[in-house]
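Enquirer: just coords:
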């Protein structure tokens, strides 16, 4: 077991520096283990990326938990794709444009024409992968070693084939993504010259946790092929001309190539990616990686970039073990993977933009960035306000440029506020920022993807009632989570108050401080459980306390429901998801971060609060994920 007090001491000594003296030397990347969280449903990304990088390349496992691409469960992989998310729940998304290196022996009759393009049938087992920030390596059971490193918009793949190889086979799948969501709309163009092969194209896909669809584009560059085929849902044609153009309409379409190996048996492939166009993808690729043989230098540059970001933190490592340093640096590394910065590659408008999830990162990543990465955090704030200007709302989530589903509050409010009070002001229009957060709190929108719900009902009752019918316009998502949403809303209100005070808006400050106290309206002092009194409990519109006859046995509210000990899987984003989201009243009853003094008082004082917190963990009511 980790010595938590020692680790916490190291964390407490964290400080922002400009000439860091790092316990890990000048190479904190040496302690990063990207595979932490790649098993048991962690859904994290283990591959090659830069801080906030658009490209995130890794091998994709044929596993039910492959939201991050690679899973440490021994499952086969079916390609190394260029785009991934990190740490998300829900279904898988992205995983676009995978490459799969093969030998002739992997295909029937040793023929490229007979290679299996089916993404579910072409899996290859593998040995133990290795990785480092900006780099991923996986030895495949066909004796090919697949490596990848990255720049901001481009992945450089290096495939080392077995000695004695006479043909290097490679599949480029241009329609498959992790969720098999290709919408039948896309195109691809192949051009062969005496010195190289280029394939460009793109397609339309669906996000896993949001509305709409997205388009993304690629630019593939490699050596001149010996033979090439195009497979369209199993129908294979040989390409004999030096150019080939096709529309993409089926979910399993792609190219197969044979290349003649040189003495090194190494095949280098460059993959540029763009959210705007295939031309833009090629521009990125050519400018970022002009030399396809420069794998080692690109890998080194990626590691150096990570060390610059990690090096803003200094840790006193006295008494800290190597395992504890690995945990610390790996966690710090992961906070800089998302959101993705796609500034300069935004097809919606020519300003800053990002793929972003406020609903999770407002609690941890962005408060940390405001300290250790203030320049990046300022860019996030400017991008959020820019999204408001163009869409009319601050985003709670942007998945592949689409509106992602809202889980709790209007949590961009809290991101803006945290940065404001920490002095991040350069180049930020805070008057527009205040306008945006006040709109979240006052204008009813479709809170399934933006803003808040229950605004009118809360104005009347002082809380969001169960089965609120006053939403206008009607919410398109499940009208659930009344208790947990209110707790998020009141914290969002306090966040608004801080911005208002800083801008000299005294009336608005007082209004939102008052609103932030609405949590007391769903605090029931008469609920008892495990020897403690007072819990958050949902309420009906008539003022009565809500009882769920299915879970609150005998008409007594059960605050353990939705915890790991009872009904753990009942409280997610579906129509019967209940009044708390992904946690129980036991857990949410601790969530009043803006007024902990009052909460401690409501729980009976400091000693009772401390004892109750111990019980929360000892009894297994806490849910920290898998």
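Expert: Yep, it's here. Treat the numbers as computed from the prediction; the structure is a model and nothing was measured.

Enquirer: show me the helices in the stretch 351-500 of the chain, by range?
Expert: Secondary structure of the stretch 351-500 of the chain (DSSP state H, counting those that start in this stretch): helices located at 358-361, 365-372, 374-391, 412-421, 430-442, 455-461, 482-502.

Enquirer: need these in CSV (columns: distance to residue 345, mean neighbour count and mean pLDDT).
Expert: From N, CA and C alone the C-beta is placed, and that goes for glycine too. Below are the helices of the stretch 351-500 of the chain laid out as CSV (distance: least, Cβ to Cβ, whole Å; neighbours: other Cβ atoms under 10 Å; pLDDT from 0 to 100):
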stretch, distance to residue 345, mean neighbour count, mean pLDDT
helix 358-361, 21, 22, 66
helix 365-372, 21, 20, 94
helix 374-391, 13, 19, 94
helix 412-421, 22, 25, 97
helix 430-442, 24, 19, 98
helix 455-461, 35, 17, 95
helix 482-502, 30, 25, 97
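
Enquirer: could you list the buried residues of stretch 264-284?
Expert: 265-278, 280-284 (16 or more other Cβ atoms under 10 Å).

Enquirer: on that earlier part again, any chance of the helices of the stretch 351-500 of the chain in CSV, plus distance to residue 153?
Expert: Output for those, formatted as CSV (distance: least, Cβ to Cβ, whole Å):
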stretch, distance to residue 153
helix 358-361, 22
helix 365-372, 22
helix 374-391, 17
helix 412-421, 25
helix 430-442, 29
helix 455-461, 40
helix 482-502, 34
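
Enquirer: how does the protein divide into domains?
Expert: Annotated domains of the chain cover 4-305, 521-626 [automatic domain parsing].

Enquirer: just those: most buried one?
Expert: Comparing the domains of the chain by mean neighbour count (mean count of other Cβ atoms under 10 Å), domain 4-305 ranks first with a mean of 20.

Enquirer: related to what we said a few turns ago, could the domains of the chain go into JSON lines alongside distance to residue 497?
Expert: JSON lines is the format used below for the domains of the chain (distance: least, Cβ to Cβ, whole Å):
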{"stretch": "domain 4-305", "distance to residue 497": "27"}
{"stretch": "domain 521-626", "distance to residue 497": "9"}
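
Enquirer: could the ones you listed go into TSV alongside distance to residue 422 and mean pLDDT?
Expert: Shown next, in TSV, are the domains of the chain (distance: least, Cβ to Cβ, whole Å; pLDDT from 0 to 100):
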stretch	distance to residue 422	mean pLDDT
domain 4-305	11	91
domain 521-626	16	93
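
Enquirer: next, the contact list for the residue nearest to residue 409 when sequence neighbours are not counted, please.
Expert: Spatial nearest neighbour of residue 409, excluding adjacent residues (Cβ to Cβ, 6 or more residues apart in numbering): residue 488 at 2.9 Å. Going by Cβ atoms under 8 Å, 6 or more residues apart in numbering, residue 488 touches 408-411.

Enquirer: and for residue 287?
Expert: Counting by Cβ under 8 Å, 6+ apart, there are no residues that residue 287 touches.

Enquirer: next structured bit after the one helix or strand it maps to?
Expert: If you go by DSSP states H and E, residue 287 is part of helix 278-288. Going down the chain from helix 278-288, the next helix or strand is helix 295-310, by DSSP H and E.

Enquirer: which strands and helices sit next to that following helix?
Expert: With contacts taken as 3 or more Cβ pairs under 8 Å, 6 or more residues apart in numbering; DSSP states H and E, helix 295-310 sits against strand 135-139, strand 145-150, strand 154-160, helix 322-334.

Enquirer: other SSEs contacting the longest one?
Expert: Read that as helix 322-334. Packing partners of helix 322-334 (3+ Cβ pairs under 8 Å, 6+ apart): helix 4-12, helix 295-310.

Enquirer: go with 10 Å
Expert: helix 4-12, helix 295-310, strand 313-314, helix 365-372 (3 or more Cβ pairs under 10 Å, 6 or more residues apart in numbering; DSSP states H and E).

Enquirer: now do the same contact list for the closest residue to residue 206 other than its chain neighbours.
Expert: Leaving aside its chain neighbours, residue 206 sits nearest to residue 181 (3.9 Å; criterion: Cβ to Cβ, 6+ apart). By Cβ atoms under 10 Å, 6 or more residues apart in numbering, the residues touching residue 181 are 91-96, 175, 203-208, 213-214, 251.

Enquirer: now do the SS call for residue 181.
Expert: Secondary structure, DSSP: H, G, I helix; E, B strand; the rest coil: residue 181 is coil.

Enquirer: and the gap between it and residue 342?
Expert: For residue 181, the distance to residue 342 equals 20 Å [Cβ to Cβ, to the nearest Å].

Enquirer: cool, and residue 621?
Expert: In terms of Cβ to Cβ, residue 621 sits 40 Å off from residue 342.

Enquirer: do residue 27 as well
Expert: From residue 27 to residue 342 the distance is 29 Å (Cβ to Cβ).

Enquirer: cool, residue 239 as well?
Expert: 33 Å.

Enquirer: again with residue 567
Expert: 39 Å.

Enquirer: now do residue 207
Expert: 15 Å.

Enquirer: chain center to stretch 146-153, what's the gap?
Expert: Put simply, stretch 146-153 sits 19 Å off its chain's centre (Cα atoms, centre = their mean, to the nearest Å).

Enquirer: which helix or which strand is home to residue 273?
Expert: Element membership for residue 273, per DSSP H and E: strand 266-274.

Enquirer: give me the distance from that strand to the chain's centre.
Expert: For strand 266-274, the distance to the chain centre is 24 Å (Cα atoms, centre = their mean).

Enquirer: between it and helix 278-288, how many degrees?
Expert: Comparing the axes of strand 266-274 and helix 278-288 via axes from the mean of the first three to the mean of the last three Cα atoms, to 10 degrees yields an angle of 130 degrees.

Enquirer: format the helices and strands packed on helix 295-310 as CSV; extra columns: distance to residue 508.
Expert: Formatted as CSV, the helices and strands packed on helix 295-310 follow (distance: least, Cβ to Cβ, whole Å):
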stretch, distance to residue 508
strand 135-139, 49
strand 145-150, 45
strand 154-160, 46
helix 322-334, 36
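
Enquirer: for these, which one sits closest to residue 480?
Expert: helix 322-334 (30.0 Å; Cβ to Cβ).

Enquirer: give me the residues contacting the very next helix or strand once past the closest one.
Expert: Later in the chain than helix 322-334, the nearest helix or strand by DSSP H and E is strand 340-341. With Cβ under 10 Å, 6+ apart as the test, strand 340-341 has contacts from 49-56, 83-86, 152, 275, 352-356, 376, 379-380, 383, 398, 400.

Enquirer: mean confidence for strand 340-341?
Expert: The pLDDT scores in strand 340-341 average 90.

Enquirer: distance between it and the chain's centre?
Expert: 10 Å.

Enquirer: who does that strand pair up with?
Expert: strand 354-357 (antiparallel) (DSSP bridges).

Enquirer: residue 580 touches residue 557, doesn't it?
Expert: No: with contacts counted by Cβ atoms under 10 Å, residue 580 stays clear of residue 557, the gap being 11.6 Å.
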